[in-house]
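Asks: Got a predicted structure plus its sequence, pasted below:
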Amino acid sequence: MRKLIIAGNWKMNAGTVDAAVQLARGLVAKYGQTTAVDIVLGPPYTALREVKAVIANTRIALSAQNMYPKTDGAYTGEISPLFLKDCGCQYVILGHSERRTIFKESNAFINEKVQCALAHGLIPILCIGETEQEREDGQTEAVVEDHLRGGLAGLTKEQVKSMVIAYEPVWAIGTGKTATPADAQSVHAFCREVITGLYDRDTAETVRIQYGGSVKPDNAKELLTQPDIDGALVGGASLKVDSFSGIIENSGAF
Ligand code: PEP
């Protein structure tokens with residue numbers, strides 16, 4: 001039985017470290033000891049340490065939003081897995097569509113990051129998903145398969161089982177448009193078919209696959225109770241205690 005995992009990707013939002021700390025405090029007050037669902041917070045780098053201090057000794061985990069796949073060196077402006085571990089991160093979001101489109105990250109580079117994160121004890125949340133044009137062109141499955149094959153290249157079964165995949169149709173991110181629960185479910189089931197082909201059924205049935213793309217309190221239940229959807233990666237609605245709480249409450253896990 002896969003446990004739901006609900007992660008907030010705060011992106012370059014929240015504004016200040018103080019605001020990030022307030023948000024984390026509000027969530028700790030409600031869900032600090034929640035075990036029915038895994039809760040993960042992904043603040044900007046500069047707030048990681050302070051948010052970690054707020055969630056220390058709770059069940060809530062910390063994620064970074066990106067990482068450079070080297071431990072150290074002349075990579076101005078980048079952050080290594082060692083710094084993320086040192087800040088208390090357990091997870092790292094990799095291959096988000098904003099990284100793929102704005103920063104031109106390739107499957108090969110994302111795969112390097114996934115491998116490096118795993119090698120340093122960070123759990124990757126590997127984001128995959130098609131653009132609106134690709135969906136209209138009937139390319140959804142081809143794109144998802146390409147992102148999975150590229151992102152998972154060279155990983156062992158055990159590594160894949162330990163990580164998280166986030167299916168995020170790009171056209172649904174930050175737009176208020178959401179995949180219908182049936183469409184999302186069908187892509188998630190397809191992801192498990194691809195992983196079965198690459199590894200085996202056990203690996204495909206073990207890895208958790210979140211849905212992301214305008215998840216809100218009022219659509220969370222229908223999406224998160226689909227058999228192959230194991231939680232949500234949430235952007236906009238993770239920035240307020242009430243809306244993130246609404247998603248957790250409506251996840252069907254309680
Ligand atoms: C995201 O950024 O991963 C995301 C899903 O954003 P939103 O929930 O705002 O669509």
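Replies: Alright, I've got the coordinates.

Asks: What segments of the stretch 101-250 of the chain are helices?
Replies: 107-119, 132-136, 140-152, 157-162, 181-198, 201-206, 217-224, 241-249 (DSSP state H, counting those that start in this stretch).

Asks: List the buried residues for the first one?
Replies: Neighbour counts using 16 or more other C-beta atoms under 10 Å place 107, 109-118 of helix 107-119 among the buried residues. All C-beta atoms are positioned from the backbone trio N, CA, C, and that covers glycine.

Asks: Likewise for the last one?
Replies: For helix 241-249, the buried set under the neighbour-count rule, 16+ other C-beta under 10 Å, comprises 241, 243-249.

Asks: residues touching the residue of the chain found nearest the ligand, list them.
Replies: Closest to the ligand within the chain is residue 235: 2.2 Å, counting by C-beta to the nearest ligand atom. For residue 235, the contact set (C-beta atoms under 8 Å, 6 or more residues apart in numbering) comprises 8-9, 11, 173-174, 212.

Asks: and the stretch 1-150 of the chain, which of its residues are near the ligand?
Replies: residue 9 (C-beta under 6 Å from any ligand atom).

Asks: circling back to that earlier point, who wins for most neighbours among the contacts of residue 235?
Replies: residue 212 (29 neighbours; other C-beta atoms under 10 Å).

Asks: related to what we said a few turns ago, so which of the helices of the stretch 101-250 of the chain is nearest residue 91?
Replies: Shortest separation from residue 91 across the helices of the stretch 101-250 of the chain is recorded for helix 107-119, at 8.8 Å, computed as C-beta to C-beta.
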